[in-house]
Every structure is written in structure tokens, then in C-alpha cells.
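Engineer: Pasting the sequence and the predicted coordinates here, then a few questions.
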There are 2 protein chains.
Amino acid sequence: MDADTDKPDKVDIPKKAIYRLSIYHRCLQKLKATDQETVSSTTLAKAAGVTPSQLRRDLGYFGQFGTRGLGYPVDNLITTIREALGREQLQPVVLVGAGNLGSALLRYQGFQKGGFDVIAAFDARPEEARAKELEIPVHDVSMMAKFIFENEVKLAILCVPVGFAQEVANCLVAYGIQGILNFSTIMLEVPSDVTVNNVDLAMELEHLGYFIR
Amino acid sequence: MDADTDKPDKVDIPKKAIYRLSIYHRCLQKLKATDQETVSSTTLAKAAGVTPSQLRRDLGYFGQFGTRGLGYPVDNLITTIREALGREQLQPVVLVGAGNLGSALLRYQGFQKGGFDVIAAFDARPEEARAKELEIPVHDVSMMAKFIFENEVKLAILCVPVGFAQEVANCLVAYGIQGILNFSTIMLEVPSDVTVNNVDLAMELEHLGYFIR
DNA sequence: AAGTGTGAAAAGTTTCACAGCG
DNA sequence: CGCTGTGAAACTTTTCACACTT
């Protein structure tokens, strides 16, 4: 799932807990849409697919926000989680490798929704990618260094072919990228202050294969 | 990441280990391409991004395949893992919801590579999806029951809008689907003999947000 | 009465370290 | 000698259960 690194700060908090924070965040937003002011750990946990006690423990890592006998204030909790996830303001993101999967992801608007903004894509052959009529501009990789630096981009989505993944990742790191969402099917080697989150769609399907009889 | 279930059989094997099996499988295939006959736990572990002892432990759950002093026979190990993952023969898969993300995934050919065959897609408005010029046929949802039954499909990729996800999942289960790769942003409730594997792309990005400073 | 916050127990997972085999 | 296979130790994460607050 993840090949990541120890952070000097923020230790002691299980990685899985951080992951679940994103789930809670999403569920809370749905709750907010229904004008709920507060929510109990039992209710939120059910929506998130975890146990109430796990939810309380997870929130406990970040402080105390609940009112005993009442529950958690929805608005307040959303803000707190946003802050914990480092999402106070819009995060710029670049995508590298606008091939089959890359351009598919560019078409998918799901990233844009939640506080992230895929502001540009880069490819070794930008003309080909541009022919696909994407909304997001596709530049030549040679422009990448300057762009990332000038826009202070910290996050990148990596969709280049396996053979180039490590090489491109090295560049990204050199340009200042701190988090890589890696769709290529290789374990990247990066410095310990860079986080890699691997998503391997074929593998997810493979994994399911084990459970069907 | 996962909301899955206890299986009556195959217990005692950590879920994470099963997940890693897919990683090993991929690394072994790369090794095979370089005509390696055998591989040591140290070498394979490095490629897979795990510790040698974890690799040995993981393989140990499924039996003994190594030769002490030598390593593991590559071919043999590939076959064993394929069997463990239930991938001896081509698995048919259907995709439901050919909207933004769904059609993106249909275009992406990555699933086809490793023993899975996305044989059909279904959508509430198939005409719209067909306009996107996809290679895989898009049928009306009304055809789904018959198709899944007749082709003995066990796996489904679910990309319908959140509001319909649970409803569609219920249908899939009723039709005989045993594993769902869920791209919708909701925790599905399914019987305990059905496995759900959640992939939430926006969440993966959100998760990274925590680690950048 | 309802529901959080949290020590302490339980369960699950990884690493260590080394005996044993080819 | 080199490398697997595996008990036992170490560590991590989850669950339990209940004191405590509103």
C-alpha cells in the first residue's frame, strides 16, 4: 500500500489513523450537508466503517474536540481534520506522464473537488497528449523544473512508464516535490523526507482474486 | 483501504501479507524477464521494498518453496503465488458506471495485462458512454443480471456516483459477484462472503497532504 | 442519560536470531 | 558457506471497559 518514511515530528500516530482521517473528513462533509450540528462517535464510525472506539482513539491523537454526553461538533471537527491533513488552503498538484492512465486521470475531475488543484501536466511527447483534448495544459517535461519551483508545487501524480519512474521521481524530488502519488508499478527510492503513496490498480484487482473462491 | 471480511478458510494469514503477494508476483515477473532462475529473499525483498525476513515469513504462510543455501526458483514461485491469488486462469471482470472515472478506467489497459479481462461495462445511459469511443462494449444496466450470470463473472469494478453505489452493489451481490473494486466514495455494506476493496483516488492525495510540511 | 477520553488488555504484525539444510 | 524456515521477542494497532463530564 504504502512505502513511506518516518517523520521526525508527528510520530506515535499510526499511519492507518491518518488514512482514516480522510475517511472521516469525507463522512463529515456528507453530514454537514444534512445540517447536523453534532455527531456521536457511534454514528460517524458507522458511516466510516470503523468501530466507535477506534474513531475516538484516532481523534484523540490530535486533541480533544468532543463534548461528553453530546458528541463532536461537525463544523469544528471538519476544520480540525483539514488542518491536521495540511489542507487549509488549495494545494497545487502536477501530473507527470499523460499517457493512457495519466490522461485518464486528467479527465477524471475527482481530485479537483477536495482542496487539490491539478494545475498542469508534463509529458515527454506533449503533442500526443494534447491531441486527447484535455482541459489541463500538457507541457514538455523540460518545463517541469521551472514550473514546480515557481508555483511552489509540493505534490505530484506520477504516471510514467515503469522504466522511467525512478528517474522522473529523482527529478521531482530535486525540484522540491515532497509527496508523490505513484501509479507506476515500481517501488520508488526517495529520500526519507519525501512521502510516496503507491496506487497500483492492477494489484488491487489481483488482491481481490485471493478472496473469491 | 479495505473493508473486508473474515473468510472461513485461509485464516491466520495477515491481510497485508496477501497484499504483498501481488507485489512479489510483479517483481518476480520482472526477474523472469532477465532470465534469473533463482532469487534469494534478500534480492526479491529489496525489489519489493520489504525486509528479507518479512518476505520469507510471507511465503512461509503458503508452504516451503525455497532451497536453503540457494534461494527460490523464480518460475515455481510465480506459479505458486498465482495459485494462491486464485489466478490460474483468466478472470472475467465487469465495470459498472462508465462516467468520468469509469470510462477513464476502461481506456486504461492496465487491468488486462495481468490475468484479468474486463469483458463488458454497464451504465444507466449507455449511449452517452458509447459516444466516448471505448473499445469495451457498454451495455444498459438492465442487461447486467443476465450477463453476469451467463459469464460467471465474480469480480466487478464499481464507478457509479455515490448515491447509487450501495444500490448497485446490492444488485451485483445478488447476481453472484464476490469481489468489488469500489471507486465510489462510500463504505459499502455487503454480506460477509463478499470482499470489497476500496480505492479512493482523492483520498490517496489527501493522505499525502499530511506528510508534506 | 448519553457519550467522550483513555488506561490496560488483547490481537495482530514485524523483526530478530539462529538452527538446520543443501 | 549461504540462505531458508521459524520459534520467540518486540513492536504496533485495535478493542475493551469504565471513570468522568455535560
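Structural biologist: Everything's here; your move.
Engineer: Using the centroid of chain A, identify the residue furthest from it.
Structural biologist: Using C-alpha atoms, centre = their mean, the residue of chain A lying farthest from its centre is residue A:69. It sits 34.0 Å away.
Engineer: residues in contact with that residue?
Structural biologist: By C-beta atoms under 8 Å, 6 or more residues apart in numbering or on different chains, residue A:69 lies in contact with nothing. Quick note: C-beta positions are derived from backbone N, CA and C, even for glycine.
Engineer: Kindly report the same for the one 3 residues further on.
Structural biologist: Contacts were defined as C-beta under 8 Å, 6+ apart; by that measure residue A:72 touches A:38-41, A:44, A:59, A:65-66.
Engineer: Now intersect those with the helices, please.
Structural biologist: Mapping those onto helices (DSSP state H) picks out A:41, A:44, A:59.
Engineer: And residue A:153, how far from residue A:77?
Structural biologist: Computed as C-beta to C-beta, to the nearest Å, the residue A:153 to residue A:77 distance reads 29 Å.
Engineer: Show the residue spans covered by the helices in chain A.
Structural biologist: Using DSSP H, the helices of chain A run over A:15-33, A:41-48, A:52-60, A:74-84, A:100-107, A:110-113, A:126-130, A:144-150, A:162-175, A:201-211.
Engineer: need these in CSV with mean pLDDT, can you?
Structural biologist: Below are the helices of chain A laid out as CSV (pLDDT from 0 to 100):
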stretch, mean pLDDT
helix A:15-33, 94
helix A:41-48, 97
helix A:52-60, 98
helix A:74-84, 95
helix A:100-107, 89
helix A:110-113, 81
helix A:126-130, 93
helix A:144-150, 98
helix A:162-175, 97
helix A:201-211, 90
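Engineer: Just give me the closest of the ones in helices among the contacts of residue A:72 to DNA strand C.
Structural biologist: For those, the residue nearest DNA strand C by C-beta to the nearest atom of the strand is residue A:41; the value is 3.4 Å.
Engineer: Can you tell me the number of residues neighbouring the closest one?
Structural biologist: 20 (other C-beta atoms under 10 Å in any protein chain shown).
Engineer: hang on, the earlier thing: dump the helices of chain A to TSV, plus distance to DNA strand C.
Structural biologist: Below are those laid out as TSV (distance: least, C-beta to the nearest atom of the strand, whole Å):
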stretch	distance to DNA strand C
helix A:15-33	10
helix A:41-48	3
helix A:52-60	4
helix A:74-84	10
helix A:100-107	27
helix A:110-113	27
helix A:126-130	38
helix A:144-150	32
helix A:162-175	22
helix A:201-211	14
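Engineer: tell me what the longest strand along chain A is packed against?
Structural biologist: With DSSP state E setting the assignment, residue counts place strand A:116-123 as the longest strand in chain A. Judged by 3 or more C-beta pairs under 8 Å, 6 or more residues apart in numbering or on different chains; DSSP states H and E, strand A:116-123 is in contact with strand A:91-96, helix A:100-107, strand A:138-140, helix A:144-150, helix B:201-211.
Engineer: In TSV, list those along with mean neighbour count and distance to residue A:162.
Structural biologist: TSV is the format used below for the helices and strands packed on strand A:116-123 (neighbours: other C-beta atoms under 10 Å in any protein chain shown; distance: least, C-beta to C-beta, whole Å):
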stretch	mean neighbour count	distance to residue A:162
strand A:91-96	23	14
helix A:100-107	22	12
strand A:138-140	17	21
helix A:144-150	15	19
helix B:201-211	23	19
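Engineer: what would those look like in JSON lines with distance to residue B:126?
Structural biologist: JSON lines is the format used below for those (distance: least, C-beta to C-beta, whole Å):
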{"stretch": "strand A:91-96", "distance to residue B:126": "29"}
{"stretch": "helix A:100-107", "distance to residue B:126": "19"}
{"stretch": "strand A:138-140", "distance to residue B:126": "30"}
{"stretch": "helix A:144-150", "distance to residue B:126": "39"}
{"stretch": "helix B:201-211", "distance to residue B:126": "24"}
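Engineer: these two touch, right, residue A:211 and residue B:180?
Structural biologist: No: using C-beta atoms under 8 Å, residue A:211 is not in contact with residue B:180; the gap is 10.4 Å.
Engineer: what residues are shared contacts of the two?
Structural biologist: Residues touching both residue A:211 and residue B:180 (C-beta under 8 Å, 6+ apart): residue B:195.
Engineer: Could you verify my assumption that residue A:137 touches residue A:123?
Structural biologist: No: applying C-beta under 8 Å, one finds residue A:137 not in contact with residue A:123, separated by 10.9 Å.
Engineer: between these two, who's got more neighbours?
Structural biologist: The neighbour count for residue A:137 versus residue A:123, taken as other C-beta under 10 Å, is higher for residue A:123 (23 against 12).
Engineer: If we ignore the residues flanking it in sequence, what's nearest the more buried one?
Structural biologist: residue A:98 (4.2 Å; C-beta to C-beta, 6 or more residues apart in numbering or on different chains).
Engineer: how near is that neighbour to residue B:40?
Structural biologist: 38 Å.
Engineer: Next: residue A:146.
Structural biologist: Per C-beta to C-beta, residue A:146 is found 44 Å from residue B:40.
Engineer: Wait, residue A:73 touches residue A:65, no?
Structural biologist: Yes: because the distance of 7.1 Å satisfies C-beta under 8 Å, residue A:73 is recorded as touching residue A:65.
Engineer: Domains of chain A: list them as residue ranges, please.
Structural biologist: A:2-84, A:91-206 (automatic domain parsing).
Engineer: The first one near DNA strand D at all?
Structural biologist: It stands for domain A:2-84. Yes: using C-beta under 7 Å from any atom of the strand, domain A:2-84 reaches DNA strand D at A:14-17, A:50-51, A:53-54, A:56-57, A:67-70.
Engineer: Top of the residues you listed by number of neighbours, please.
Structural biologist: The member of these that has the most neighbours, counting by other C-beta under 10 Å, is residue A:50 with 20 neighbours.
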